[in-house]
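Asker: The sequence and its predicted three-dimensional model are supplied below.
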Protein chains: 2
Amino acid sequence: MKLDSLPSKAQLVEAAQTLKPWVHNTPVVTSSYLDELSGASLFFKCEQLQRMGAFKMRGAINAIQTLSPEQKARGVVTHSSGNFGQAVALSAKLMGLKADVVMPLGTPKVKRDAVLNYGARVTDCDPNLAAREAATHLIIEKTGATPLHPSNALPVILGNATACMELLSEVPDLDGVVSPVGGGGLLAGTGLAAFHFGQNCHCWGAEPSTVDDAYRSMISGQIETNQRANTVADGLKTNLGSINFPIIQSTVSGIFLVDESEIVAAMRLMWERTKMIIEPSSAVVMAAVLKNPNTFKGQKLGLILSGGNVDLSALPF
Amino acid sequence: MKLDSLPSKAQLVEAAQTLKPWVHNTPVVTSSYLDELSGASLFFKCEQLQRMGAFKMRGAINAIQTLSPEQKARGVVTHSSGNFGQAVALSAKLMGLKADVVMPLGTPKVKRDAVLNYGARVTDCDPNLAAREAATHLIIEKTGATPLHPSNALPVILGNATACMELLSEVPDLDGVVSPVGGGGLLAGTGLAAFHFGQNCHCWGAEPSTVDDAYRSMISGQIETNQRANTVADGLKTNLGSINFPIIQSTVSGIFLVDESEIVAAMRLMWERTKMIIEPSSAVVMAAVLKNPNTFKGQKLGLILSGGNVDLSALPF
């Protein structure tokens, strides 16, 4: 994608205005201990303190706000292994819409319960993309609900971008920002924000090495898939999409892979040192920074902590 | 203790000035979900985000600052099941003093490791008061170090008071403030701050029912002890002292008891909903508020979250 055909700065500003009444401007936290350990100056954007505990609220609200009154009346539907389902459920509740959420079996109970608590209807399905899509289509046929994709839709990407926009408005001179990459919606949004609002701010992705599809996609130039999707970072199992991948190609400088043990160690380190509960999908970012000291040494670095929705009954340590 | 013989407002202000360069003015956090659940407006004073992860830093620094140069040269010693040991170790490191910390066997490993990381010398002892005091006296004989008591000393109480002073400066019209009570140093400090700086602000204590010595002491009018000290709230096993008890009698309106299962449930609730890591000794406060809705309904209530130093290898859930 040519840089001048990227979603514009004005579109990002519009998304930020749309979201302002609905989401928290989450705090940016620092830690002198982790600065010393990493050799960089780290600025953590705390989306685990966002409403419903994750950045996904931003994309969900922005996507719902673009619907017509007729579409709103018929409700919305999504399939999600967790946080986006919660985000759609809560957004729909706030705006008085009906919401259906298709959730794969094996989703952390805390996430499933939260969707139910927000008043959405949950449909269980087998934990693979085909089953998720089939269940979603069945609901669309029955109700006429509008499907919301968790990551591969422009309104979602623009909404997600607002997290990094807030971070850059607080720390304008970041040398770089690191975001987790799963479906690609957060990384694409972060890349857009860094491109339009950074002062030469690089955007980096961090990905579990067991689901390295984004890493391989950047090398091959086409969307790659994973044979298996085994990672403790349950939010990062999905593949890139046709809308976010070109944005990622244009705005992201590179993707770092981290092993499972490195993710768990980084998560534990963050819990112990910052007293903040972040989920494994967020810990990949800290793991990537610790694994690549030569890349980040001496830099001012933003880290997007994407969420804090952890099943406390099934901790990896 | 007559109210006019309590430590004065000026003494509290002096302690706050002494501490200012050394401690964080920790954030005050709210949660609409927990407000709804409790029927009150809750303001959490986040001392788990204090340096070394607990309020104890306040008392330790203030106590060390009152020493003479000769005393400072000979170093300090304390016995502690955890957070105060860490606080003395870090305070001594910051001020260039030697520190010895006597720690009972069974102390969470994360707390013992932290003391060592701050450069203090650790002496292990049996987990009872007599053994702790004997080991401490041995060190004093050898080194001439000044003993610092974790809770029963005026400089420590005045230092601890500054947490509630900060809270009241941010939310001046609190109807009440709830603090955990173990050795009594935090509760006495909180009571003093509420008395001098609140606008008719009641101070309440929260205590595990398995170590209900403070509750019984308030009824009998003398310092009671516990036959056993079994509670998940490992920071609250100690007894009140001769210096803090009279202050507590004069400034505290009552003490609420909570059961072990209520402490664990409150801790889990806080972790899941606020994404903040608090230790069981802090969770007693939330447990007490949830257990007594009739007392607190409709009130603006401060809750002192005392610390966040948890052994992640040994979580109670």
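Answerer: Nice, thanks for sending it over.
Asker: Now A:Val23: phi and psi?
Answerer: With angles defined as degrees, to the nearest 10, A:Val23 sits at phi -120, psi 160.
Asker: ok, now A:Thr107?
Answerer: Residue torsions, per degrees, to the nearest 10, at A:Thr107 are phi -60, psi 140.
Asker: Help me confirm that it comes into contact with A:Asn83.
Answerer: No - assessed by Cβ atoms under 8 Å, A:Thr107 is found out of contact with A:Asn83, at 10.2 Å. In short, each C-beta sits where N, CA and C put it, glycine included.
Asker: Those two: which is more packed in?
Answerer: Set side by side, A:Thr107 and A:Asn83 show more neighbours around A:Asn83, with 30 against 20, by other Cβ atoms under 10 Å in any protein chain shown.
Asker: list the contacts for the residue lying closest to A:Gln299 once chain neighbours are set aside?
Answerer: Nearest residue to A:Gln299, sequence neighbours excluded (Cβ to Cβ, 6 or more residues apart in numbering or on different chains): A:Asp175, at 4.1 Å. By Cβ atoms under 8 Å, 6 or more residues apart in numbering or on different chains, the contact set of A:Asp175 is A:Asn200, A:Cys201, A:His202, A:Gln299, A:Lys300, A:Leu301.
Asker: ok, now how distant is A:Asp175 from chain B?
Answerer: 26 Å (Cβ to the nearest Cβ, to the nearest Å).
Asker: if we can go back for a sec, of the contacts of A:Asp175, which one scores lowest on pLDDT?
Answerer: In terms of pLDDT, A:Asn200 ranks lowest among these, with 95.
Asker: quick one: it is in a helix?
Answerer: No - assessed with DSSP: H, G, I helix; E, B strand; the rest coil, A:Asn200 is coil; it does not lie in a helix.
Asker: burial measure for it, as a count.
Answerer: So A:Asn200, with other Cβ under 10 Å, has 9 neighbours.
Asker: quick one, phi/psi of it?
Answerer: Dihedral angles (degrees, to the nearest 10) for A:Asn200: phi 60, psi 50.
Asker: Not counting sequence-adjacent ones, nearest residue to it?
Answerer: Distance criterion Cβ to Cβ, 6+ apart; nearest residue to A:Asn200, sequence neighbours excluded, is A:Asp175 at 7.7 Å.
Asker: Just give me the neighbour total for the closest residue to chain B within the stretch 1-150 of chain A.
Answerer: Chain B sits closest to A:Gln48 of the stretch 1-150 of chain A, with a gap of 4.7 Å, by Cβ to the nearest Cβ. By other Cβ under 10 Å, the residues close to A:Gln48 number 25.
Asker: Contact partners for the residue nearest to it when sequence neighbours are not counted?
Answerer: Of all residues not flanking A:Gln48 in the chain, A:Gly308 sits nearest, at 2.9 Å (Cβ to Cβ, 6+ apart). Each residue near A:Gly308 by Cβ under 8 Å, 6+ apart is listed here: A:Gln48, A:Leu49, A:Gly53, A:Ala54, A:Met276, A:Ile277, A:Ile278, A:Glu279, A:Ser282, B:Lys275.
Asker: taking those one by one, which sit in helices?
Answerer: With helices taken from DSSP state H, the overlap with the contacts of A:Gly308 comprises A:Ser282.
Asker: Poorly predicted segments of the stretch 201-317 of chain A, please.
Answerer: Within the stretch 201-317 of chain A, no range satisfies pLDDT under 70.
Asker: Flag every residue of it that's near chain B.
Answerer: A:Arg268, A:Trp271, A:Glu272, A:Lys275, A:Met276, A:Ile277, A:Ile278, A:Gly308, A:Leu312, A:Ser313, A:Leu315, A:Phe317 (Cβ under 8 Å from any Cβ of the partner chain).
Asker: Kindly recompute the last result at 7 Å.
Answerer: For the stretch 201-317 of chain A, the residues in contact with chain B (Cβ under 7 Å from any Cβ of the partner chain) are A:Arg268, A:Trp271, A:Glu272, A:Lys275, A:Met276, A:Ile277, A:Gly308, A:Leu312, A:Phe317.
Asker: Please consider this matter closed, and thank you.
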